[in-house]
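**Q** one predicted model, sequence on top.
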Amino acid sequence: MKICLRYLGDPGYQQGIGQELGVNQATVSGTVDRVVNSIVAQSNEWIKFPTTNHELMEAKRIWQSMYKFPTATGVIDCTHTGILKPNRHGDEYINRQGKPTLNAQATCDTREMFTSVDLSWPGSVHDSRIWRNSHT
């Protein structure tokens with residue numbers, strides 16, 4: 001479980017994670033595969049989505065009571081958007097999964113309205129660097 005949680009928490013190179021935890025890459029791969037497949041096999045029992053308006057409102061109430069952020073004004077997240085590899089400085093756009101992307105950052109306010117979107121960073125740039133350099 002430790003191997004799987006470490007990989008899912010910060011997926012990177014399985015060989016590096018294996019070295020960090022004292023196992024080989026094949027052990028990391030097999031462990032992640034078995035644990036994730038076990039979770040997926042139980043997903044119909046463990047994951048339930050609201051089907052009525054009442055269930056949706058109750059789920060929202062529970063979520064808000066569990067995750068209180070009284071000073072929060074919104075949320076921020078980044079996602080990778082696939083692109084064709086540019087001819088100029090193309091390697092900068094290769095993300096950690098080996099694919100050419102733009103790393104898009106978006107922020108939303110408490111009304112779930114976008115307050116900013118930045119699609120100017122190549123895929124090799126980490127989310128924290130984009131945030132440090134943002135004007136939001």
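**A** Now that the structure is in, tell me what you want to look at.
**Q** which residues touch Trp131?
**A** Contact partners of Trp131, counting by C-beta atoms under 8 Å, 6 or more residues apart in numbering, are 76, 105. C-beta here means a position set from N, CA and C on the backbone, and glycine is covered the same way.
**Q** helix or strand: which one has it?
**A** Trp131 is part of helix 127-132 when elements are defined by DSSP states H and E.
**Q** hmm, who's touching stretch 98-111?
**A** Contacts of stretch 98-111 from elsewhere in the structure, counted by C-beta under 8 Å, 6+ apart, are 72-86, 90, 93-95, 114-123, 125, 127, 130-131, 134, 136.
**Q** give the buried subset of these as a ChimeraX selection command.
**A** Restricted to buried positions by 16 or more other C-beta atoms under 10 Å, the ChimeraX selection for the contacts of stretch 98-111 reads:
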select :74,78,80,93,95,118,121,122,123,125,130
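**Q** before we move on, the earlier item: work out the gap between the helix holding Trp131 and the centre of the chain.
**A** Chain-centre distance of helix 127-132: 14 Å, with C-alpha atoms, centre = their mean, to the nearest Å.
**Q** kindly export it (C-alpha atoms) in CSV.
**A** Taking C-alpha atoms only, helix 127-132 is exported to CSV below (Å, rounded to 0.1, in the frame of the first residue of the first chain):
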residue,chain,number,x,y,z
ASP,A,127,2.2,24.2,-11.2
SER,A,128,3.9,25.9,-8.3
ARG,A,129,6.1,28.0,-10.7
ILE,A,130,3.1,29.1,-12.7
TRP,A,131,1.4,30.2,-9.5
ARG,A,132,4.5,32.0,-8.2
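**Q** quick check: mean pLDDT of that helix?
**A** Along helix 127-132, the predicted confidence averages to a pLDDT of 86.
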